[in-house]
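**Q** give me coordinates for this.
(one chain, ligands or ions: 1)
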Amino acid sequence: MTATLIDGKAFAATVREKVAGHVARLKEEHGITPGLAVVLVGEDPASQVYVRSKGKQTVEVGMNSYEHKLDAGTSEADLLALIDTLNNDPAVHGILVQLPLPKHLDEDLVINAIDPAKDVDGFHISNVGLLGTGQKSMVPCTPLGCLMMLRDHHGSLSGMDAVVIGRSNIVGKPMAQLLLGDSCTVTIAHSRTKDLADVVRRADIVVAAVGRPEMVPGDWIKPGATVIDVGINRIDAPEKGEGKTRLVGDCHFDSCAAVAGAITPVPGGVGPMTIACLLANTVTACCRANGLTEPEGLTA
Ligand SMILES: Nc1nc2c(c(=O)[nH]1)N[C@@H](CN(C=O)c1ccc(C(=O)N[C@@H](CCC(=O)O)C(=O)O)cc1)CN2
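**A** As a prediction, the model looks like this:
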């Protein structure tokens, strides 16, 4: 491997430390404790792990955590009623509904019921519009984490060629907006993109967010490029024993790392930054709600 490893786990720890410092200041100087409400509907095992981790890390940085675990059969009306209660609760500065939701619930309707000022996921249509027009918004956590790591590694991103593979509302589209905001020349590639390999080969920055295990091989990567791997895919790992699995990204790590200048690993890359940025967004939302100066370096 020749690439520098961008250690998301270590970087996330520094973000959490900064968040904890701001939380302590909010308590001491203003008597305010930021509060984050996380809503989980159903029993998806991965979602349960993420929600537990969010609650634990929220408390560790000194904030209040409010967990709402609802039955898989919860009606849309009951979920919307809970969101309304949280929207009107002054102790709650951030609201997050864990995705995916069970099939009978309309994700767009539910997300757009959250007060945009408390939408720490940045998925509400108002925040999407504000980000798209370069205005102050809540920024989705995963792309924000990627941007923080890229800025930390490169300093300025101005003028760099960036290719985002994947056009999801949660990662691909907001990631492209953020890179554009930092004056990159941005291409969004997807499943219908012609000559994907050639498109990716032009990029100084590759952000892979397609959810297809090891789809990007090293020979697609321009020598010295920075590879940000958003994918978290569980695959069979018979080499570890019968029935065993392991996590891989959307990029084939060994071949990409042999060519890239820098690369994020999976696990331990983008994933830990997602929760760290959620905490950062909650502090930002709390400061904005109280008319206080928001923390520097924790937003886009
Ligand atoms: N409302 C939301 N739902 C979902 C989001 C989100 O940002 N908001 N993102 C994902 C899940 N997610 C957080 O919710 C998340 C995914 C992965 C990680 C992480 O740290 N992954 C580890 C590996 C974990 C493992 O061993 O399985 C890593 O990459 O190192 C954190 C958060 C979908 N839903």
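
**Q** which helix or strand contains the residue nearest to the spatial centre of the chain?
**A** The chain has Thr142 as the residue nearest its centroid, 1.4 Å off, counting by Cα atoms, centre = their mean. Using DSSP states H and E, Thr142 sits in helix 141-154.

**Q** how far is that helix from where the chain is centred?
**A** 10 Å (Cα atoms, centre = their mean, to the nearest Å).

**Q** what pairs with the helix or strand following it, parallel or antiparallel?
**A** Toward the C-terminus, helix 141-154 is succeeded by strand 161-165 as the next helix or strand (DSSP H and E). Strand pairing for strand 161-165, using DSSP bridges, gives strand 185-189 (parallel), strand 205-208 (parallel).

**Q** pLDDT wise, what is the residue in the chain positioned nearest to the ligand at?
**A** Proximity of the chain to the ligand (Cβ to the nearest ligand atom) peaks at Gly271, 2.1 Å away. The C-beta positions use only the backbone N, C-alpha and C, and glycine is treated the same way. Looking at Gly271, its pLDDT is 98.

**Q** from Lys56, how far off is the closest residue to Asp121 other than its chain neighbours?
**A** Closest residue to Asp121 apart from its sequence neighbours, by Cβ to Cβ, 6 or more residues apart in numbering: Leu96 at 5.2 Å. According to Cβ to Cβ, to the nearest Å, Leu96 and Lys56 sit 15 Å apart.

**Q** ok, those two, which is more surrounded?
**A** Leu96 (24 against 11; other Cβ atoms under 10 Å).

**Q** remind me, longest helix of this structure?
**A** Taking DSSP state H as the criterion, the chain has its longest helix at helix 8-30.

**Q** does any bit of the following helix or strand past it sit next to the ligand?
**A** Using DSSP H and E, the next helix or strand after helix 8-30 towards the C-terminus is strand 35-41. No. Contact between strand 35-41 and the ligand is absent, the nearest approach being 8.4 Å (criterion: Cβ under 6 Å from any ligand atom).

**Q** would you put the C-alpha positions of strand 35-41 in PDB?
**A** Output of strand 35-41 as PDB, limited to C-alpha atoms (Å, rounded to 0.1, in the frame of the first residue of the first chain):
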ATOM      1  CA  GLY A  35     -30.600  17.500  23.600                       C
ATOM      2  CA  LEU A  36     -30.800  14.900  20.800                       C
ATOM      3  CA  ALA A  37     -33.900  12.800  20.200                       C
ATOM      4  CA  VAL A  38     -33.500   9.600  18.100                       C
ATOM      5  CA  VAL A  39     -36.500   7.800  16.900                       C
ATOM      6  CA  LEU A  40     -36.300   4.100  15.900                       C
ATOM      7  CA  VAL A  41     -39.200   2.300  14.400                       C
END
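
**Q** do the helix or strand just after that strand and the ligand meet?
**A** Heading C-terminal from strand 35-41, the first helix or strand you meet, by DSSP H and E, is helix 45-60. Yes. Counting by Cβ under 6 Å from any ligand atom, the ligand has neighbours in helix 45-60: Tyr50.

**Q** pLDDT (mean, whole number) over helix 45-60?
**A** If you average the pLDDT over helix 45-60, you get 98.

**Q** now the helix holding Thr142: mean pLDDT?
**A** Predicted confidence along helix 141-154 averages 98 (mean pLDDT).

**Q** hey, C-alpha coordinates of that helix in PDB?
**A** What follows is helix 141-154, C-alpha atoms only, in PDB (Å, rounded to 0.1, in the frame of the first residue of the first chain):
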ATOM      1  CA  CYS A 141     -23.900  13.900   8.500                       C
ATOM      2  CA  THR A 142     -22.100  11.400   6.200                       C
ATOM      3  CA  PRO A 143     -21.200  13.900   3.500                       C
ATOM      4  CA  LEU A 144     -20.200  16.500   6.100                       C
ATOM      5  CA  GLY A 145     -17.900  13.900   7.600                       C
ATOM      6  CA  CYS A 146     -16.300  13.200   4.200                       C
ATOM      7  CA  LEU A 147     -15.900  17.000   3.600                       C
ATOM      8  CA  MET A 148     -14.200  17.400   7.000                       C
ATOM      9  CA  MET A 149     -11.700  14.600   6.200                       C
ATOM     10  CA  LEU A 150     -11.000  16.000   2.700                       C
ATOM     11  CA  ARG A 151     -10.400  19.500   4.000                       C
ATOM     12  CA  ASP A 152      -8.200  18.200   6.800                       C
ATOM     13  CA  HIS A 153      -6.100  16.200   4.300                       C
ATOM     14  CA  HIS A 154      -5.900  18.800   1.400                       C
END
